[in-house]
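J.: Pasting the sequence and the predicted coordinates here, then a few questions.
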Amino acid sequence: MRVMKFIFLLLVFLNALFAQENSNIVVNAFGFVQPIYEWQPTNDQIPNNSFLINRFRIGLNSKFSNWVKTEIELDPLDKNLIKDANINFELNQYLSLSLGRQKMPFSRERLTSVKNIQYFERTKVVKEFDDLAYAGRDIGLIASLNTKVKTIRISFSAGIFNGNKGDLNGDYNNSKTYVQRLELNHKDFSIGINSAQKFDSLTSKYFVANGFDFEVELINNLKFSSEFLIGRKNANSLLGGEYIALEYTLDKFIFGVRFSQFYSNIKKKSTNYFEAKTDYKPAKTIKISLNWLGENKSSKFNNKFVIGVSYVL
């Protein structure tokens, strides 16, 4: 970890040095902090409420030319420290390559930055697919193709990754994880289809996960979004789930509700989640949010309230 900190500081120094010597190099610092207060009224344990720093990110974006860009993002709260460390080559207006630790092209909600996700936390089903290394961050190579047909933008990304959730020490074996995503975007709607294939050392077979998601503006300022995921947990069971969400924007306020389900085994009953929120954005870089989350599992219902502030640097 000390070595990675040293490398990061060295890159910061080199970026600043090159930026002074070459006016073509552009370096931008960015950050994100999210303090919250969390209260669980149905939790009889102590404490059932707490102040937390939910997220804290810092990083650098560098543009060395019109076709070479880099990104480094750190999270001091994460034991791995490094969230993203990659370099992007824009070969032409249609094709780009990205190499390093980065998000795999799987799941709309997982690909959405924490600055823009609808609630303080992503849905349970998306988190589970992250834990199983179908989604989330890993070290690898992504090739992306972007084009446009009339008013529809078409994006296709395919990547090959180590398959060990971005362990900075390298791969555990010679098997790799393959991930693909096709996305169609219009000013009123967006549709995504993704798939991931990873090797299981116990069965010597490739496990597959698939997903479908979409987002549509039903009327002015009213947005409806949904995502469906299914994948193999092990040789004997499949897991999956979905969510549906509505968001309405009224001036500086955003009101939302979301229902989601998670199946640890699709042959068994699901755990159901109910969420509601009110966001207030007094400025472009600040958002004050109140979230409520209810969890219904095996006839037991738990709920949680979270209030917090998100600040983007």
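T.: Arrived safely.

J.: Could you use CA atoms for every contact and neighbour count after this?
T.: Noted.

J.: okay, and the helix or strand of this protein with the least pLDDT?
T.: Comparing helices and strands within the chain by mean pLDDT, DSSP states H and E singles out helix 2-21 as the least confident, with a mean of 53.

J.: got a list of contacts for the following helix or strand past that one?
T.: Read in the C-terminal direction, the helix or strand following helix 2-21 is strand 26-39, with elements assigned using DSSP states H and E. For strand 26-39, the external contacting residues (Cα atoms under 8 Å, 6 or more residues apart in numbering) are 15-16, 19, 48-64, 115, 304-313.

J.: Same question for the helix or strand following strand 26-39: list its buried residues.
T.: Along the chain past strand 26-39, the next helix or strand (assigned with DSSP H and E) turns out to be strand 49-63. Neighbour-count burial for strand 49-63 flags N49, N54, R55, F56, R57, I58, G59, L60, N61, S62, K63 (criterion: 16 or more other Cα atoms under 10 Å).

J.: T70: neighbour count?
T.: 19 (other Cα atoms under 10 Å).

J.: was I right about it contacting E90?
T.: No - if you go by Cα atoms under 8 Å, T70 and E90 don't touch, sitting 11.3 Å apart.

J.: and the residue nearest the centre of the chain, what does it touch?
T.: Closest residue to the average C-alpha location of the chain: R110 at 3.0 Å, with Cα atoms, centre = their mean. By Cα under 8 Å, 6+ apart, the residues touching R110 are R122, V126, D130, A135, G136.

J.: how does it look with 6 Å?
T.: With Cα atoms under 6 Å, 6 or more residues apart in numbering as the criterion, no residue contacts R110.

J.: Include distance to Q40 and pLDDT when you put the buried residues of strand 49-63 into CSV, please.
T.: Supplementary listing: the buried residues of strand 49-63 in CSV, determined by distance: Cα to Cα, whole Å; pLDDT from 0 to 100:
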residue, distance to Q40, pLDDT
N49, 6, 96
N54, 16, 96
R55, 19, 96
F56, 23, 94
R57, 26, 94
I58, 30, 91
G59, 33, 90
L60, 36, 89
N61, 38, 90
S62, 42, 87
K63, 45, 89
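
J.: got JSON lines for these, with distance to V149 too?
T.: Converted to JSON lines, those look like this (distance: Cα to Cα, whole Å):
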{"residue": "N49", "distance to V149": "51"}
{"residue": "N54", "distance to V149": "41"}
{"residue": "R55", "distance to V149": "39"}
{"residue": "F56", "distance to V149": "39"}
{"residue": "R57", "distance to V149": "37"}
{"residue": "I58", "distance to V149": "37"}
{"residue": "G59", "distance to V149": "35"}
{"residue": "L60", "distance to V149": "34"}
{"residue": "N61", "distance to V149": "30"}
{"residue": "S62", "distance to V149": "31"}
{"residue": "K63", "distance to V149": "29"}
